[in-house]
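J.: only geometry, no sequence info:
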């Protein structure tokens, strides 16, 4: 379970998160929507300890993420993350991309690491691309590679940071299909997304971020279909039209 | 016969020339290897540290890069002798040429490290890799590929610059040839021959570089 308690985060004088509270249960899919600059991506970076926080706590399976004694490299093994930019390692083949972290971080043998990598690549539909270099693949394929690469670490949670925003429109579908598949596998996920229809379809909970706070949170039928707050209504009418 | 002070070039001189060739190759190799290793370390530090420390470091490197090598060689070997530690020409030559190479290599490698996007490193960290693992498995391999052609350019120019070490008395190819010229008075043949030797040493390296570049292209 991920517990986010009164989290404040500033970049210099700019307070980006102004007291966020959010619980994510095992097996839940939580979508985070909101305008750009509302702090939604920053929250993911804080959960993954890529960014520090100024106040509050984030607890992942009873581990205090930002406590001094926390081993962040170990923590990140529990939290798979996929970014807007797929960040494939260009000097490695698809298979090597997915096998690298299992081998050097989890210290699996080369054979085991390759097995794990193959399994996850097959899972996301890249079974015929093992020896390809990622730069020769489409953005959608590279993004699926990024997902497989994260899954190969056997994470307990997946964090998705606007994973379809940098894709050409015709490639968005294949990546969303992969996310749907993960939900069906029972993966716990936090998706920061601009795909409102997708958020409505897959989420157990939707959180609407507005100016550094969660303005509205609840099941998609409430937040997306019949939002209560004015800011939510305004945002949705803008993105849906 | 034998009345002349000058004696023509003969096959007996080949051993002498070969020593010069070997010495050129040796000092070039030493400078390239040491310069590359030091340059790698300094390039990495420059890509990582704050602007201020970077300026200090950059200043020292700028001096090494801007003062002509021949002046550095003469200054170093005379000064070190004057303070009572005369060094073998090979040693002083190696030190100066290595530092000079380092100054250029460090800029090459700094560019390489900086060419790797931050987000790529963040992606590595998010997979649980440690800082040094991202250096070893992501930044180094990607950065080195990017800068390989520039690295090769510096390495090739070091071979040619090594001719300047002749001024402090190291018996490399150019100095051997100068001695032969003063004995034989056949500068044309000898200098053409020596130029050919530099070409023979450098050209395979540049061919090999093109081959590696093609293999590594991603």
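T.: Good, I have the coordinates. Just so you know, these numbers come straight off a predicted model, no measurement behind them. Numbering: from 1, shown residues only, chains lettered A, B, ... in the order given.
J.: low pLDDT regions in the chain?
T.: Chain wasn't specified; assuming chain A. Along chain A, no part satisfies pLDDT under 70.
J.: that's the other chain; I wanted chain B
T.: Within chain B, the stretches with pLDDT under 70 are B:1-5, B:218.
J.: Which strands and helices lie in contact with the top helix by length along it?
T.: Counting residues, the longest helix found in chain B (DSSP state H) is helix B:14-48. On a contact count with 3 or more C-beta pairs under 8 Å, 6 or more residues apart in numbering or on different chains; DSSP states H and E, helix B:14-48 meets helix B:51-66, helix B:89-115, helix B:140-161, helix B:173-184, helix B:187-216. Every C-beta, even on glycine, is put in place using the N, C-alpha and C of the backbone.
J.: Now the fourth one: buried residues?
T.: Think helix B:173-184. Buried residues in helix B:173-184, counted by 16 or more other C-beta atoms under 10 Å in any protein chain shown: B:173, B:174, B:175, B:176, B:177, B:178, B:179, B:180, B:181, B:184.
J.: Which residues are in contact with residue A:134?
T.: Contact analysis of residue A:134 by C-beta atoms under 8 Å, 6 or more residues apart in numbering or on different chains lists A:86, A:88, A:89, A:90, A:92, A:93, A:94, A:97, A:141, A:142, A:145.
J.: how far away is residue B:43 from residue A:35?
T.: Counting by C-beta to C-beta, to the nearest Å, the gap between residue B:43 and residue A:35 amounts to 41 Å.
J.: Between the two, point out the one with more neighbours.
T.: A count of neighbours by other C-beta atoms under 10 Å in any protein chain shown puts residue B:43 above the other of residue B:43 and residue A:35, at 25 against 17.
J.: what sits against the more buried one?
T.: Taking C-beta under 8 Å, 6+ apart, we find residue B:43 in contact with B:105, B:106, B:107, B:108, B:109, B:110, B:111, B:112, B:113.
J.: if you skip the residues just before and after it, what's nearest to it?
T.: Nearest non-adjacent residue to residue B:43, counting by C-beta to C-beta, 6 or more residues apart in numbering or on different chains: residue B:109, 2.9 Å away.
J.: what number of residues lie near residue 202?
T.: With no chain named, the answer covers chain A. The number of residues packed near residue A:202 is 21, by other C-beta under 10 Å.
J.: You answered for a different chain; I wanted chain B.
T.: By the criterion of other C-beta under 10 Å, residue B:202 has 16 neighbours.
J.: That one and chain A, how far apart?
T.: According to C-beta to the nearest C-beta, to the nearest Å, residue B:202 and chain A sit 28 Å apart.
J.: For the helices and strands packed on helix B:14-48, state which one has the densest average packing.
T.: Across the helices and strands packed on helix B:14-48, averaging neighbours per residue (mean count of other C-beta atoms under 10 Å in any protein chain shown) puts helix B:89-115 on top, at a mean of 22.
J.: Show me what it packs onto, helices and strands only.
T.: So helix B:89-115, by 3+ C-beta pairs under 8 Å, 6+ apart, packs with helix B:14-48, helix B:51-66, helix B:69-82, helix B:140-161.
J.: Can you add distance to residue A:189 and give these back as CSV?
T.: Listed next are the helices and strands packed on helix B:89-115 as CSV, based on distance: least, C-beta to C-beta, whole Å:
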stretch, distance to residue A:189
helix B:14-48, 34
helix B:51-66, 40
helix B:69-82, 60
helix B:140-161, 30
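J.: residues contacting residue B:80?
T.: Counting by C-beta under 8 Å, 6+ apart, residue B:80 has contacts B:86, B:87, B:92.
J.: At the contact with chain B, which residues of chain A appear?
T.: By the rule C-beta under 8 Å from any C-beta of the partner chain, the part of chain A lying against chain B is A:48, A:50, A:73-74, A:76-77, A:79-81, A:83, A:85, A:87, A:89-91, A:100-101, A:104-106, A:133, A:135, A:146, A:149-150, A:153.
J.: Okay, and which of those map to strands?
T.: A:79, A:80, A:81 (DSSP state E).
J.: Can you tell me which of those is closest to residue A:112?
T.: residue A:80 (18.4 Å; C-beta to C-beta).
J.: for the closest one, which residues make a bridge with it?
T.: For residue A:80, the beta-bridge partners are residue A:158 (DSSP bridges).
J.: and it, how many neighbours?
T.: Residues near residue A:80, counting by other C-beta under 10 Å, number 28.
J.: what's the answer for residue A:164, then?
T.: 24.
J.: Next: residue A:195.
T.: Around residue A:195 there are 21 residues (other C-beta under 10 Å).
J.: How about the contacts made by the nearest residue to it once chain neighbours are set aside?
T.: Using C-beta to C-beta, 6+ apart and skipping residues adjacent in sequence, the residue nearest residue A:195 is residue A:164, 6.1 Å away. Going by C-beta under 8 Å, 6+ apart, residue A:164 touches A:143, A:172, A:175, A:176, A:193, A:194, A:195.
J.: same question, residue A:131
T.: Contact analysis of residue A:131 by C-beta under 8 Å, 6+ apart lists A:93, A:94, A:95.
J.: Residue B:191: which of those is nearest?
T.: Top of the list for closeness to residue B:191, among the contacts of residue A:131 and by C-beta to C-beta, is residue A:93 at 50.4 Å.
J.: How much space separates the closest one from residue B:123?
T.: 17 Å.
J.: if you count what's nearby, which of the two comes out ahead?
T.: Set side by side, residue A:93 and residue B:123 show more neighbours around residue B:123, with 25 against 15, by other C-beta under 10 Å.
J.: element containing the more buried one, please.
T.: Here residue B:123 sits within helix B:118-126, counting by DSSP states H and E.
J.: tell me which residues of that helix are tucked away?
T.: B:120, B:121, B:122, B:123, B:124, B:125, B:126.
J.: Columns distance to chain A on top of those, output as JSON lines?
T.: As requested, these are exported to JSON lines (distance: C-beta to the nearest C-beta, whole Å):
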{"residue": "B:120", "distance to chain A": "5"}
{"residue": "B:121", "distance to chain A": "9"}
{"residue": "B:122", "distance to chain A": "6"}
{"residue": "B:123", "distance to chain A": "4"}
{"residue": "B:124", "distance to chain A": "8"}
{"residue": "B:125", "distance to chain A": "7"}
{"residue": "B:126", "distance to chain A": "4"}
